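Novice: Sequence below, structure please.
(one chain, ligands or ions: 1)
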Amino acid sequence: MRPYAPRHFIRYKGRKCSKNWEPASAGRIMDLSFTDEQIAVRDTIAKLCEKYDDAYWLARDADGVFPEEFVKDLATGGWLGIAMPEEYGGSGLGVIEASLMMQTIAQSGAGFSGCSAVHINIFGPNPIVVHGTDEQKDRLLPPLIAGKDRTCFGVTEPNAGLDTTRIETKAVWDGEKYIVNGRKMWTSTAQTANKILLLARTAAREDGAKPMDGITMFYTDFDRDYCEAQVIEKMGRKAVDSNATFYDNLPVPESDRIGEEGKGFYYLIDGINPERILVAAEAVGLGRAALRKAVDYANERVVFNRPIGQNQAIQHPLAAAWAHLEAADAMVWKAATLYDAGEPCGAEANAAKYLAAEACFTACETAVMTHGGMGYAKEFHVERYMREAFIARIAPVSREMILNFIGQHVLDMPRSY
Ligand SMILES: Cc1cc2nc3c(=O)[nH]c(=O)nc-3n(C[C@H](O)[C@H](O)[C@H](O)COP(=O)(O)OP(=O)(O)OC[C@H]3O[C@@H](n4cnc5c(N)ncnc54)[C@H](O)[C@@H]3O)c2cc1C
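Specialist: The predicted structure is shown next:
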């Protein structure tokens, strides 16, 4: 007779649980493997991050000091140019490698404090690569890649919000140069940046064939004689400042205009997918960091004479968090693979960012709850992770706008906004 008892009647005794609950690969995704070069990127970055442990990031979260030494180490290793062309000092690698790098940084415990310190330098300059002149690329890219220049990114405005076509910052040509006046919100790293990638209107919204017309992109000096940055006190990621920024008669030479006048919105759109993929990879990394802490704690903390992780009420949410993170991660690599292959990837990039942000948030929340009271204590780090997890849900685009996009462009439903 064949045994019919369900397997759960069989007692597993003395079987050692695998500690390797992170993706077995972390190499094999569907029929894809990371190349040796990609694995080397991940391992080298992980090694670099070891110097900056949770205690370091907790201290930065308390004092709000920008992680200069961390950024310097990345610049010295040539990592800031990972996705920039080789002829300008970059490594000429793709979104897959850049995402692996950023995910590894987040996963080390650096979270968004580590990632956001360099994020804008990784793909932000892409419009210069794609639409800049040879002179601009020669002049602007090498100092960015070497970490000598640091840029911030001025898109969001108080009166426009997610509707970028309604920005009010203006650039007026005075016959010799542009003069910029206006204000931006949430300009991250403006306290230390010496450059800004800036969107401004050079023609009124009403004057264009489309609302997107008439916006121009500039990459220029963040000249503090004409620009002011006021720090926004915020929930998390204190070490990487975000600012309300003000522009009073900022002179911008024509040579700092990227591409054609009035086409800046379209250049911005070009960079949207890689940015979403990067943020998604970062969110998965942060979620994994939280999950790792929670699993360790659940295995060690004994209450009612047994590890709390032996209770399904603790174990199941952690297992579910793992499943959601890995599902999001699979979408990250699908989107990145499509992008690097030059294929359309808007649906996948948006889905990856949405799934990863939500999975990260749930993992962080579960990690806090797993720690009980200690989840609320800073020294256990998970409350810091949870505060940072909100960023991926809001920026650079909110989950609502992602779902609007998917509803309209993927599901072919009526535009809802
Ligand atoms: C930590 C941090 C760093 C940032 N760094 C930068 C930076 O460096 N540079 C920069 O330019 N910006 C930056 N941002 C700004 C960020 O990109 C914006 O906050 C984000 O795009 C949302 O815009 P908003 O805040 O104006 O929200 P709003 O546009 O005011 O929207 C508010 C809420 O309403 C929802 N909503 C609005 N319209 C609709 C609709 N039609 N349908 C459904 N829901 C809708 C939104 O989803 C959102 O939940 C940063 C933000 C944060 C929090």
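Novice: how close does Ala244 sit to the ligand?
Specialist: 11 Å (C-beta to the nearest ligand atom, to the nearest Å). Backbone N, C-alpha and C define where each C-beta goes, glycine included.
Novice: Check Asp248 too.
Specialist: In terms of C-beta to the nearest ligand atom, Asp248 sits 19 Å off from the ligand.
Novice: per-residue confidence at that residue?
Specialist: Looking at Asp248, its pLDDT stands at 98.
Novice: same question, the one 10 residues further on
Specialist: At Ile258, the predicted lDDT confidence score is 98.
Novice: Let's verify the closest residue to it other than its chain neighbours: helix, strand, or coil?
Specialist: With C-beta to C-beta, 6 or more residues apart in numbering as the measure, Met217 is the residue that lies nearest to Ile258, at 4.4 Å, once sequence neighbours are left out. Under DSSP: H, G, I helix; E, B strand; the rest coil, Met217 falls in the strand class.
Novice: where's Met217 relative to the ligand, distance?
Specialist: 12 Å.
Novice: For Gly208, give me phi and psi.
Specialist: Dihedral pair for Gly208: phi -90, psi 160, per degrees, to the nearest 10.
Novice: show me the contacts for the residue in the stretch 51-200 of the chain that the ligand sits nearest to.
Specialist: Using C-beta to the nearest ligand atom, the closest approach of the stretch 51-200 of the chain to the ligand is made by Gly161 at 2.4 Å. Contacts for Gly161 (C-beta atoms under 8 Å, 6 or more residues apart in numbering) come out as none.
Novice: before we move on, what SS does it have?
Specialist: Strictly by three-state DSSP, Gly161 counts as coil.
Novice: picking up where we left off before, what's the local residue count around the residue nearest to Ile258?
Specialist: 27 (other C-beta atoms under 10 Å).
Novice: Is it in contact with Leu198, as I believe?
Specialist: Yes - contact criterion C-beta atoms under 8 Å: Met217 and Leu198 qualify, at 7.3 Å.
Novice: where in this protein is pLDDT low?
Specialist: Across the chain, the ranges flagged by pLDDT under 70 are 1-32.
Novice: Show me what from it comes close to the ligand.
Specialist: Counting by C-beta under 6 Å from any ligand atom, the residues of the chain lying close to the ligand are 153-156, 161-162, 186-188, 237, 242, 391, 394-398, 400-401, 404, 417.
Novice: Now do the end-to-end distance for stretch 156-167.
Specialist: For stretch 156-167, the first-to-last residue distance is 8 Å (C-alpha to C-alpha, to the nearest Å).
Novice: so how far is it from its chain's centroid?
Specialist: The chain centroid and the centroid of stretch 156-167 are separated by 20 Å under C-alpha atoms, centre = their mean, to the nearest Å.
Novice: Repeat that for stretch 207-219.
Specialist: So, by C-alpha atoms, centre = their mean, the centroid of stretch 207-219 is 26 Å from its chain's centroid.
Novice: That stretch: which residues count as buried?
Specialist: 208, 212-219 (16 or more other C-beta atoms under 10 Å).
Novice: can you list contacts of it?
Specialist: Taking C-beta under 8 Å, 6+ apart as the rule, stretch 207-219 contacts 125, 127-128, 131-132, 136, 140, 151, 164-167, 171, 178, 180, 195-205, 252, 256-259, 261-268.
Novice: Quick one: end-to-end distance for it.
Specialist: 24 Å.
Novice: Would you quantify the distance from the residue most central in space within the chain to the ligand?
Specialist: With distances taken as C-alpha atoms, centre = their mean, the residue of the chain nearest its centroid is Val279 (2.9 Å). Distance, Val279 to the ligand, using C-beta to the nearest ligand atom: 10 Å.
Novice: Relative to Ala244, how far out is Thr156?
Specialist: 10 Å (C-beta to C-beta, to the nearest Å).
Novice: Which strand residues bridge Thr220?
Specialist: Ile196 (DSSP bridges).
Novice: Measure how buried it is and give me the count.
Specialist: Around Thr220 there are 23 other residues, counting by other C-beta under 10 Å.
Novice: hmm, back to that, check which helices and strands whatever helix or strand the residue nearest to the centre of the chain lives in is in contact with.
Specialist: Element membership for Val279, per DSSP states H and E: helix 272-300. Under the contact criterion of 3 or more C-beta pairs under 8 Å, 6 or more residues apart in numbering; DSSP states H and E, helix 272-300 touches helix 95-105, helix 111-123, strand 306-307, helix 312-340, helix 346-370, helix 382-394.
Novice: Need the ones you listed in a markdown table (columns: mean neighbour count).
Specialist: As requested, those are exported to a markdown table (neighbours: other C-beta atoms under 10 Å):
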| stretch | mean neighbour count |
| --- | --- |
| helix 95-105 | 27 |
| helix 111-123 | 26 |
| strand 306-307 | 13 |
| helix 312-340 | 20 |
| helix 346-370 | 25 |
| helix 382-394 | 23 |
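Novice: Now distance to Leu286 too, for these, in JSON lines please.
Specialist: As requested, the helices and strands packed on helix 272-300 are exported to JSON lines (distance: least, C-beta to C-beta, whole Å):
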{"stretch": "helix 95-105", "distance to Leu286": "9"}
{"stretch": "helix 111-123", "distance to Leu286": "5"}
{"stretch": "strand 306-307", "distance to Leu286": "25"}
{"stretch": "helix 312-340", "distance to Leu286": "10"}
{"stretch": "helix 346-370", "distance to Leu286": "5"}
{"stretch": "helix 382-394", "distance to Leu286": "6"}
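Novice: Nearest to His409 among the ones you listed would be which one?
Specialist: helix 346-370 (6.6 Å; C-beta to C-beta).
Novice: between the closest one and helix 382-394, how big is the angle?
Specialist: Calculated by axes from the mean of the first three to the mean of the last three C-alpha atoms, to 10 degrees, helix 346-370 forms an angle of 160 degrees with helix 382-394.
Novice: How far does stretch 313-327 sit from its chain's centre?
Specialist: Distance of stretch 313-327 from the chain centroid (C-alpha atoms, centre = their mean) equals 22 Å.
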